[in-house]
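Q: coords please:
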Amino acid sequence: MMSVGAFGPRLRSAASRLALAAVLGLGLGLPGTRAEAQQGPPAASPGRDLTVQNETDLTLRELYLFLPNAVDRGSDRLGTDLVAPGATFRLRLARTRDCQWNVVAVFQDGSEEARQRVDLCRNTRLVFGDPSLPTVQAIVANRSQVVLRELYAARPTPEGTSRPGWGPDRLGASVIEPGESFTLRMRTRDCVFDLRAVYADDREEVKERQDLCANRNLAFDRSGIPRPPLRGVILANRHLARVQEVYLSASTDSDWGPDRLGSGTLAVGQDAAVEMEGDCEADLRIVFPNGGAEERREVNLCETQRIVLRPGWVLAEHLDEEASVLPEPATSPGSIRLRNLGPLPIVEIYTNPPGGSRGEDRLGADVLPTGEVLELDPPDPDACRSDLVAVFRDGREVAREGVDLCSGEEIELR
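A: Down below sits the predicted model:
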């Protein structure tokens, strides 16, 4: 039989190893033990995809997702994208363990819908609007000759009450060109709407109580626009030049509109009646054959039935004052008159001795506009006979040989 003392050293050695293991923490579940070393690094935050579903009547223009404690809403998550009514959009969030998010949706009319602390871990679909509502759809056509810029649809107001507003422009950033059409879609259980069209010239046309469930095709043709009153005025040309064009438009219009003379002109001494649609205040512009123009703004056509076009009329106190047409001054002895009847201004004139070389330009820095007259003296009073050359703006030249510069006659240059 062995004695206990024979095992003493071995037992003490085993006890020492156990004590060392306890100190090193091997296999005992303490920090730094083998059990924890086998767990590995923490898992990465998952990526998350969201589906944005637009069941409203309006295009979703911007979408913001931000943590509840954020100082601002951050950047628009849609970027340059838009979510049309009835469409969906796939949105990927950055890797994050956060589930609670604040949501703000901005629609095409600037209206916003905000939601606080939405759990995007439990629900990965953001739905705006009520998908259970039926969709009312109608084709709206533009049968006019003017671009249809805005389109509104609103429920009819009770009789005798004013409309609080028309709501958003259903076209958004689009327009309806003449002859084109637009599909109007609305999530609603209603069928009857008032429709309002606004054209590019700011004229409006309204169709009331349209049943979009019974009638799926509508057309705007400007027939419902009240026509403004027709204003007329007599223009008397007492200038010394023919009037080539006349423009008459309401002072509130953004452009002059068409030439009221059409293919005609207003000769010296003649009268012409012109008309326009609009209120009393009108702007008048006349253009001469040489391109010169005169204007008078805010003429009251309700008080003025006749306007005499004469030198100084744009500043005259009374527009109907008559003035006789003065004859053109006679040519002084020892000179000739040159009349430009060509399509362009004359930019150079030369008078040279017959058969001689071309001298200096008699016009210098001046030009002779179309329809205008120039009195030209001979360069030498004792040498009247000369060769005449006129140069038009396009470089074309007209020559007259052996012209008598002292004859006092008029020469037409074409």
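Q: Excluding covalently adjacent residues, which one is nearest to residue 81?
A: In this structure, residue 81 finds its nearest non-sequential neighbour in residue 89, 6.5 Å apart by Cβ to Cβ, 6 or more residues apart in numbering. Where you see a C-beta, it was placed from the backbone N, CA and C, and this is true even at glycine.
Q: Strand partners (parallel or antiparallel) of the helix or strand hosting that neighbour?
A: Counting by DSSP states H and E, the element that carries residue 89 is strand 88-93. Counting by DSSP bridges, the strands paired with strand 88-93 are strand 48-55 (antiparallel).
Q: could you point out which element follows the strand it pairs with?
A: strand 60-66.
Q: quick check: domain ranges of the protein?
A: As given by automatic domain parsing, the domain ranges for the chain are 48-129, 135-220, 230-315, 336-413.
Q: will you turn these into TSV that also has mean pLDDT, mean neighbour count and distance to residue 322?
A: What follows is these, written out as TSV (pLDDT from 0 to 100; neighbours: other Cβ atoms under 10 Å; distance: least, Cβ to Cβ, whole Å):
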stretch	mean pLDDT	mean neighbour count	distance to residue 322
domain 48-129	89	15	58
domain 135-220	92	15	37
domain 230-315	91	16	6
domain 336-413	87	16	24
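Q: Pull the contacting residues for residue 391.
A: With contact taken as Cβ atoms under 8 Å, 6 or more residues apart in numbering, residue 391 is in contact with 346-350, 397.
Q: re earlier: what residues does the strand holding residue 89 touch?
A: Under the criterion Cβ under 8 Å, 6+ apart, residues 47-54, 60, 63, 65, 77-78, 81, 83, 120 lie in contact with strand 88-93.
Q: tilt between that strand and strand 60-66?
A: Using axes from the mean of the first three to the mean of the last three Cα atoms, to 10 degrees, the direction of strand 88-93 lies 30 degrees away from that of strand 60-66.
Q: Let me know the next secondary structure element after strand 88-93.
A: Past strand 88-93, the next helix or strand by DSSP H and E is strand 100-107.
Q: which residues does the spatially closest residue to residue 87 that is not a sequence neighbour bridge with?
A: Nearest non-adjacent residue to residue 87, counting by Cβ to Cβ, 6+ apart: residue 54, 5.8 Å away. Listed by DSSP bridges, the beta-bridge partners for residue 54 are residue 128.
Q: Roughly how far does residue 54 sit from residue 62?
A: Taken as Cβ to Cβ, to the nearest Å, the spacing of residue 54 relative to residue 62 amounts to 12 Å.
Q: swap in residue 148?
A: When residue 148 is compared with residue 62 (using Cβ to Cβ), they lie 26 Å apart.
Q: Quick one: the helices in this structure, in order.
A: Secondary structure of the chain (DSSP state H): helices located at 4-24, 34-37.
Q: quick one: average pLDDT of the first one?
A: When pLDDT is averaged over helix 4-24, the result is 48.
Q: swap in the shortest one?
A: Mean pLDDT, computed over helix 34-37, is 46.
Q: re earlier: out of the contacts of residue 391, flag the one nearest to residue 289.
A: Sorting the contacts of residue 391 by how near they are to residue 289, with Cβ to Cβ, puts residue 346 at the top with 13.8 Å.
Q: Compute the distance between the closest one and residue 74, please.
A: Using Cβ to Cβ, residue 346 is found at 69 Å from residue 74.
Q: Per-residue pLDDT of residue 333, please?
A: In the predicted model, residue 333 carries a pLDDT score of 60.
Q: correction: residue 42
A: Confidence per residue is given as pLDDT, and for residue 42 that number is 53.
Q: Over to residue 31?
A: With respect to pLDDT, residue 31 has a value of 46.
Q: cool, residue 414 as well?
A: Predicted confidence (pLDDT) at residue 414: the value is 89.
Q: Can I get stretch 406-414 in CSV, CA atoms only?
A: Taking Å, rounded to 0.1, in the frame of the first residue of the first chain, the C-alpha atoms of stretch 406-414 are listed here in CSV:
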residue,chain,number,x,y,z
CYS,A,406,-26.1,121.3,-110.8
SER,A,407,-29.4,120.4,-112.5
GLY,A,408,-31.6,120.5,-109.4
GLU,A,409,-33.3,117.2,-110.5
GLU,A,410,-34.1,114.2,-108.4
ILE,A,411,-32.4,110.9,-109.0
GLU,A,412,-34.0,107.6,-107.8
LEU,A,413,-31.5,104.9,-106.7
ARG,A,414,-32.9,101.4,-106.6
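Q: Now do the same contact list for residue 223.
A: Listed by Cβ under 8 Å, 6+ apart, the contact partners of residue 223 are residue 205.
Q: For it, grab phi and psi.
A: Dihedral angles of residue 223 (phi, psi; degrees, to the nearest 10) stand at phi -70, psi -20.
Q: and it, how far is that from residue 144?
A: From residue 223 across to residue 144, the span is 9 Å (Cβ to Cβ).
Q: And residue 220, by the same measure?
A: Relative to residue 144, residue 220 is positioned 7 Å away (Cβ to Cβ).
Q: One more: residue 246?
A: From residue 246 over to residue 144 (counting by Cβ to Cβ), the distance is 27 Å.
Q: again with residue 395
A: Applying Cβ to Cβ, the value for residue 395 to residue 144 is 46 Å.
Q: who does the closest residue to residue 356 other than its chain neighbours bridge with?
A: Nearest in space to residue 356, with sequence neighbours left out and distances taken as Cβ to Cβ, 6+ apart, is residue 387 at 7.4 Å. In this structure, residue 387 has the following beta-bridge partners (DSSP bridges): residue 352.
Q: How about the one 10 residues further on?
A: Residue 397 has these beta-bridge partners by DSSP bridges: residue 391.
Q: try residue 274
A: Using DSSP bridges, the bridge partners assigned to residue 274 are residue 233.
Q: Isn't it up against residue 235?
A: Yes: because the distance of 6.1 Å satisfies Cβ atoms under 8 Å, residue 274 is recorded as touching residue 235.
Q: Mutual contacts of the two, please.
A: With Cβ under 8 Å, 6+ apart as the test, residue 274 and residue 235 both reach residue 246.
Q: is it true that residue 397 touches residue 413?
A: No: under the criterion of Cβ under 8 Å, residue 397 is not in contact with residue 413, lying 10.3 Å apart.
Q: Overlap in contacts, these two.
A: Between them, residue 397 and residue 413 have residue 390 as joint contacts when contacts are counted by Cβ under 8 Å, 6+ apart.
Q: so how far is the first residue of stretch 195-205 from its last?
A: The straight-line separation of the ends of stretch 195-205 (Cα to Cα, to the nearest Å) is 8 Å.
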